[in-house]
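Engineer: below: sequence and its predicted model.
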Amino acid sequence: MAQSMTVDELLETFSFFDDWEDKYRFIIDLGKDLGGLPESDKIDDNLIRGCQSQVWLTHTSDADGLTFSMDSDAHIVRGLIAVVLVIVDGRQASEIKRLDIENVFEQLDLLAHLSVTRGNGLRAMVARIKEVAAQAPP
Amino acid sequence: MNIRDDFPILQRTSRSKPLVYLDNGATTQKPQKVIDTIDRYYRRHNANVHRAAHELAEEATALLEECRTKAQAFMNAAHRESVIFTRGTTEGINLVAQVIEGNIKAGQEIVISQLEHHSNIVPWQLLAQRTGAKIKAIDIDENGDLDLESASSLINENTALLAITHISNGLGAVNPVANLVEQAKQVGALTLVDGAQAVLHARIDVQAMDCDFYVFSGHKMFAPTGIGILYGRLELLNALPPWQGGGEMIDQVSIQASTYQPAPFRFEAGTPNIAGCAGLGAAIDYINGLPMDELIQKEEQLVNRALFGLKQIPGLRLIGEPNKRASVISFLLDNGHPNDVGTLLDQQGIAVRSGHHCNMPLMTRLGIPGTVRASFSLYNNEDDVDALLTGVEKAATFL
């Protein structure tokens, strides 16, 4: 579901939610549909040190751009990962560097999840994605 | 008796719903009397203590020293000089870990338990690294209670220190601290009891416990953050070296050397948290005015009501079922990470804690990433319990 979605579609879907329940059910469903990572990739080298939930990230790079694969042990974080993937996946490194991921989260009214006060690793994950993009060959 | 009205924050909403505050193990809310006292301190009495010869300084000093006397009575200490002001439990433990270094020999053992908060683990690791001592942890049984056989075998003639929590912050287990302290005394070990979770949920009596050190934080007993108490046995305190150097703690100072004050001032360098002391004094006064036995009993009934209700929820697993429990309930939902449950409860205005609760070794021992922890205080009521149960049932439908 998430993989075929665009940011605009995501924003439109979220605009229909008028209570937290619909929104969080949707986010958790996004997480359940997330491909995730094989257990063999859930290793310390791929672990992003968040405070509490664990988040793992791997990526590949080809002519079409960067492709990220991520996973978490928490449903809501998996759903938020799916949102991040809609924003970043398949884009060129140069585009990702310019992306304002926080702005999209703000529009989705999910910005609290990216804040320093939430120790869910999401903020560190976004920082890692930016870092991967910055290190990618131009 | 209903004391909710004394706590103005309990009137607010959270996520547009009535606030259900069940994170008292992290910190308690503050009664109006404490808030007023801090406000009045800055409006009326603010000055530095123990120094200037003016009226304001006299008043500020009186507030601070009255707090020491109140704290002495609160924990039934024999001497008011045994009461040292700290920033909180963590600073108290670190202070002790610094000043007893000379009492610890390489190869000796520091005995803690699997239930300890990181603040009662890491300072001892640092001490062990400096001295060559080793750390041993008393194991727990399947209920989350301390394994007393494990304790008896670990506390032996090679034990330099026993540092143990009074009440577990992760599982709520009330430990038989007097018994453990007695065993440690028999082998000549020093003893420290971490009372962070115990204040308000048990009567604190350091003479009955007979420990060398007892530490707690004001903010978990209705006082402000940044003020705590270290109790130390007086003869021992006066035989220990200072911790931080500075003003207040000295007797005579020359360029080359200084002599030090006896306890408590030896361990209180610099300007203390005077407003915090005023607030802690007010909190102790407030507690002394409450029918504590009745309120603690009511809290136990609430905890039991919550336990009974939680057990009815399909897919819910209690983490730890200690024989004697105080204030804290830890649990997990099948298929749900504790943070998922915490977030879904937060959306319903219910404040709990989710995660490892600074109990990483305990969570590793239990093989879980963390728990959802509901922790009660004296102002919680049946509505809070019912909101928690309804909230958890709803959260379960999401996962």
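Structural biologist: Okay, I see it. Only a predicted model underlies this, so the values are computations on that prediction, with no experimental measurement involved. Residues are numbered from 1 along each chain as shown, chains lettered A, B, ... in the order given.
Engineer: can you show me the helices along chain A?
Structural biologist: Along chain A, the segments classed as helices by DSSP state H run A:7-15, A:20-33, A:75-88, A:93-98, A:101-107, A:122-135.
Engineer: got JSON lines for those, with mean pLDDT, distance to chain B and mean neighbour count too?
Structural biologist: Any C-beta I mention is one placed from the backbone N, CA and C, and that applies to glycine too. What follows is the helices of chain A, written out as JSON lines (pLDDT from 0 to 100; distance: least, CB to the nearest CB, whole Å; neighbours: other CB atoms under 10 Å in any protein chain shown):
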{"stretch": "helix A:7-15", "mean pLDDT": "92", "distance to chain B": "15", "mean neighbour count": "14"}
{"stretch": "helix A:20-33", "mean pLDDT": "94", "distance to chain B": "4", "mean neighbour count": "18"}
{"stretch": "helix A:75-88", "mean pLDDT": "92", "distance to chain B": "5", "mean neighbour count": "25"}
{"stretch": "helix A:93-98", "mean pLDDT": "91", "distance to chain B": "27", "mean neighbour count": "14"}
{"stretch": "helix A:101-107", "mean pLDDT": "87", "distance to chain B": "15", "mean neighbour count": "16"}
{"stretch": "helix A:122-135", "mean pLDDT": "88", "distance to chain B": "11", "mean neighbour count": "18"}
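Engineer: now distance to residue B:188 too, for those helices, in JSON lines please.
Structural biologist: What follows is these, written out as JSON lines (distance: least, CB to CB, whole Å):
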{"stretch": "helix A:7-15", "distance to residue B:188": "65"}
{"stretch": "helix A:20-33", "distance to residue B:188": "56"}
{"stretch": "helix A:75-88", "distance to residue B:188": "50"}
{"stretch": "helix A:93-98", "distance to residue B:188": "63"}
{"stretch": "helix A:101-107", "distance to residue B:188": "59"}
{"stretch": "helix A:122-135", "distance to residue B:188": "47"}
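Engineer: now the residue of the stretch 101-250 of chain B found nearest chain A: closest residue in space, sequence neighbours ignored.
Structural biologist: Distances between the stretch 101-250 of chain B and chain A by CB to the nearest CB are smallest at residue B:118, namely 13.2 Å. Take residue B:118 and drop its neighbours on the chain: the residue closest to it by CB to CB, 6 or more residues apart in numbering or on different chains is residue B:358, 4.3 Å away.
Engineer: how about that neighbour, what does it touch?
Structural biologist: Contacts were defined as CB atoms under 8 Å, 6 or more residues apart in numbering or on different chains; by that measure residue B:358 touches B:117-119, B:169.
Engineer: skipping adjacent residues, who's closest to the closest residue to chain A within chain B in space?
Structural biologist: Residue nearest to chain A within chain B (CB to the nearest CB): residue B:337, separated by 3.5 Å. Taking CB to CB, 6+ apart as the measure, residue B:337 lies nearest to residue A:74, with 3.5 Å between them; neighbours along the chain are not counted.
Engineer: what residues are up against whichever residue of chain A sits closest to chain B?
Structural biologist: The minimum distance from chain A to chain B, using CB to the nearest CB, falls at residue A:74 (3.5 Å). For residue A:74, the contacting residues are A:53-54, A:120, B:337, B:339-340, by CB under 8 Å, 6+ apart.
Engineer: can you name the two of these that are farthest apart?
Structural biologist: With CB to CB as the measure, no two of the contacts of residue A:74 lie farther apart than A:54 and B:340, at 12.9 Å.
Engineer: across the sheet, point out what pairs with residue B:230.
Structural biologist: Listed by DSSP bridges, the beta-bridge partners for residue B:230 are residue B:84, residue B:215.
Engineer: might one say that it is in contact with residue B:266?
Structural biologist: No: using CB atoms under 8 Å, residue B:230 is not in contact with residue B:266, being 11.9 Å away.
Engineer: those two - which one has more neighbours?
Structural biologist: Higher neighbour count among residue B:230 and residue B:266: residue B:230, with 27 against 22, using other CB atoms under 10 Å in any protein chain shown.
Engineer: ok, that one to residue B:251 distance?
Structural biologist: Distance, residue B:230 to residue B:251, using CB to CB, to the nearest Å: 21 Å.
Engineer: same question for residue A:23.
Structural biologist: Remark: distance between residue A:23 and residue B:251 (CB to CB) = 64 Å.
Engineer: how about the helices of the stretch 201-350 of chain B, start to end?
Structural biologist: Taking DSSP state H, counting those that start in this stretch as the test, the helices found in the stretch 201-350 of chain B are B:206-209, B:234-239, B:274-288, B:292-311, B:338-346.
Engineer: now render those as CSV, adding mean neighbour count.
Structural biologist: Putting these into CSV (neighbours: other CB atoms under 10 Å in any protein chain shown) gives the following:
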stretch, mean neighbour count
helix B:206-209, 17
helix B:234-239, 16
helix B:274-288, 24
helix B:292-311, 16
helix B:338-346, 26
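Engineer: need these in CSV with mean pLDDT, can you?
Structural biologist: Putting the helices of the stretch 201-350 of chain B into CSV (pLDDT from 0 to 100) gives the following:
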stretch, mean pLDDT
helix B:206-209, 98
helix B:234-239, 98
helix B:274-288, 98
helix B:292-311, 97
helix B:338-346, 94
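Engineer: thought residue B:80 was touching residue B:74?
Structural biologist: No: with contact defined as CB under 8 Å, residue B:80 does not reach residue B:74; the gap is 11.5 Å.
Engineer: and these two? Which one has more around it.
Structural biologist: Set residue B:80 next to residue B:74 and count neighbours by other CB under 10 Å: residue B:74 wins out with 25 against 15.
Engineer: can you pull the contacts of that one?
Structural biologist: Residues in contact with residue B:74, defined by CB under 8 Å, 6+ apart, are B:204, B:284, B:287-288.
Engineer: wait, which of those residues is closest to residue B:7?
Structural biologist: Nearest to residue B:7 among the contacts of residue B:74 is residue B:287, at 13.1 Å by CB to CB.
Engineer: measure the closest one to residue B:146 for me?
Structural biologist: Taking CB to CB as the measure, residue B:287 falls 28 Å from residue B:146.
Engineer: repeat that for residue A:47.
Structural biologist: Shown here: residue A:47 relative to residue B:146, a distance of 32 Å by CB to CB.
Engineer: and the two? Which one has more around it.
Structural biologist: With neighbours defined as other CB under 10 Å, residue A:47 and residue B:146 compare such that residue B:146 has more, 25 against 13.
Engineer: residue contacts, the more buried one?
Structural biologist: Taking CB under 8 Å, 6+ apart as the criterion, residue B:146 is in contact with B:113, B:115, B:138-140, B:173, B:175-176, B:180.
Engineer: was I right to think residue B:374 contacts residue B:329?
Structural biologist: Yes: with contact taken as CB under 8 Å, residue B:374 and residue B:329 are classed as touching, separated by 5.0 Å.
Engineer: more neighbours, these two?
Structural biologist: Regarding residue B:374 and residue B:329, a neighbour count based on other CB under 10 Å identifies residue B:374 as having more, with 31 against 26.
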